[in-house]
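Asker: using only what follows, build the 3D model:
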Amino acid sequence: MSAHEVVQSFRQAKNPKSQLVILAQLNCCTVETIREIIENQTGTDVRELLKDLRPNTKISRIDTDYAIYLYRRGYSDTQIMAEFGVTRSSICRWRKRHSLPPNIRRSENGNI
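Answerer: Okay, here's the model as predicted:
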């Protein structure tokens, strides 16, 4: 896909957050690469483009694929919460429904 097609697909997507993951899979690259392409083409941070969606985002509307992608990348509940614009307790409930333990960062000596 050309950079223009990536941006067009992102803008026309019903769920732009999940479209980031889909575009990454289609182009055999990372979500970060897709974000960079969109940011370079639009001159705007992807988070700013997604900001308009956040006030209406509810836990039932969390894109499971994208949330699991973030979870597997080691994102904490707080980081996932910030990405979706929902409360931390909503993310905790979502994670528990999917039988996922919390991502806890440990130091090199094994302490939390």
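
Asker: tell me how many other residues surround the spatially closest residue to Asp77 that is not a sequence neighbour.
Answerer: In this structure, Asp77 finds its nearest non-sequential neighbour in Ile91, 4.6 Å apart by Cβ to Cβ, 6 or more residues apart in numbering. No exception for glycine: its C-beta is placed from N, CA and C like everyone else's. Per other Cβ atoms under 10 Å, the neighbour tally for Ile91 reads 26.

Asker: likewise Pro16?
Answerer: When neighbours are defined as other Cβ under 10 Å, Pro16 has 19 of them.

Asker: from what I can see it touches Phe10, true?
Answerer: Yes. Taking Cβ atoms under 8 Å as the definition, Pro16 is a contact partner of Phe10 at 5.7 Å.

Asker: circling back: what strand or helix carries the residue nearest to Asp77?
Answerer: helix 88-97 (DSSP states H and E).

Asker: how far away from the center of its chain is that helix?
Answerer: Here helix 88-97 is found 15 Å from its chain centre; the criterion is Cα atoms, centre = their mean, to the nearest Å.

Asker: mind listing what's buried along that helix?
Answerer: If you call a residue buried by 16 or more other Cβ atoms under 10 Å, then helix 88-97 has these buried ones: Ser90, Ile91, Trp94, Arg95.
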